[in-house]
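Student: I would like to see how this sequence folds:
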Amino acid sequence: MFRPIFTVVLSAGLLFSVAIAIDVSKTNRTDISLTEDDVVPKTQLKKLLPDSDRRPTSIEDDASGVRYPDEIVYRRILKLDNPTGAIQSTSTELSVNHGLINYVSITNGPNSYAVACIEDSTLGTSRVIIHLRVPPNSSSELMLIVAAH
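Tutor: Numbering: from 1, shown residues only. Below is the predicted model of the structure:
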């Protein structure tokens, strides 16, 4: 049930989100600065974010942190391409200009199997590091949700 709902949210999210494509065979580290263009309007928050007690249902996905009522929520679509015959890894630093990041969620789209891991020790700062592994000869699409207060 979660995947069909995610497909609708991801499709709607693509219309209103900034997307970035990364060839993980050529890039070991990427820096993503979340801006006003990535802010989710308050009217879309209910559809986009799960309840605070709910965790990802797929082993590849990850979520960490605490939600606050006065937070600003950012959304970014990340497309990862791995044209090689080996598993590729990359790290990404997510940053916000104002506030401290208190929550990060990384969710795979349909037929996407990248493995995500959030460095919990970086939560509570303006920069959070995530690690991603992408299967051989594949493309993955991830929805990043970052909340800061």
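Student: now the helices: where do they sit in this structure?
Tutor: Using DSSP state H, the helices found in the chain span residues 2-16, 45-48.
Student: Any stretches of the protein with poor pLDDT?
Tutor: 1-17, 49-57 (pLDDT under 70).
Student: Dihedrals phi and psi, the nearest residue to residue 85 once chain neighbours are set aside?
Tutor: Distance criterion Cβ to Cβ, 6 or more residues apart in numbering; nearest residue to residue 85, sequence neighbours excluded, is residue 136 at 5.0 Å. C-beta here means a position set from N, CA and C on the backbone, and glycine is covered the same way. Backbone geometry at residue 136, expressed as degrees, to the nearest 10, gives phi -60, psi 150.
Student: residue contacts, residue 136?
Tutor: By Cβ atoms under 8 Å, 6 or more residues apart in numbering, the residues touching residue 136 are 82, 84-88.
Student: of these, buried ones?
Tutor: For the contacts of residue 136, a burial check counting by 16 or more other Cβ atoms under 10 Å picks out 82, 88.
Student: Many thanks, we can stop here.
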